[in-house]
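Asks: dropping a prediction and its sequence here:
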Amino acid sequence: MTFFTYPDERLDTLDDAGAIAAVLPLAGERAQHLYSVYSQTRPDATPTQRLAAMLTDRFRVGSIRMAERKAALGEAPVWMYRFDFASDVEDGALGAPHAMDVAFTFGNTQTQPR
């Protein structure tokens with residue numbers, strides 16, 4: 001989610017309470033507990049990084065569940081992968097942003113944009 005959240009300058013000063021408030025519409029009364037879990041598993045992360053991780057996992061878990069359901073049907077092969085290559089773009093602030101894997105998938109990491 002860093003690809004989508006990074007341009008939002010409000011996240012530059014996000015604190016714990018702000019991150020919890022941001023995830024409240026998604027997690028409801030469990031927002032505080034959810035944020036606590038991400039704080040424990042990512043003790044060196046900033047509130048913004050924790051929020052990005054929570055938002056990322058919101059989509060990732062859905063994709064995993066969909067793949068598991070398709071695999072359980074046994075009608076066709078199912079593949080998933082996780083791409084963790086940390087980009088140096090914006091001094092590494094984006095980590096492995098959305099769609100960065102495309103260049104690696106097609107073997108054109110050296111291609112320059114026109």
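Replies: That came through, no problem.

Asks: any idea which element the spatially most central residue of the chain lies in?
Replies: What sits nearest the mean C-alpha location of the chain, by C-alpha atoms, centre = their mean, is residue 56, with 2.7 Å. Taking DSSP states H and E as the definition, residue 56 sits inside helix 47-73.

Asks: for that helix, the distance to its chain's centre please.
Replies: How far helix 47-73 lies from its chain's middle: 8 Å, per C-alpha atoms, centre = their mean, to the nearest Å.

Asks: now stretch 85-93
Replies: With C-alpha atoms, centre = their mean as the basis, stretch 85-93 stands 14 Å off its chain's centre.

Asks: how much space separates the residue nearest to the centre of the chain from residue 103?
Replies: 20 Å (C-beta to C-beta, to the nearest Å). Heads up, the C-betas are built off the backbone N, CA and C, glycines and all.

Asks: just to revisit the earlier point, which one is the residue nearest to the centre of the chain nearest to, not counting chain neighbours?
Replies: Excluding the flanking residues, the one nearest residue 56 by C-beta to C-beta, 6 or more residues apart in numbering is residue 1, at 4.7 Å.
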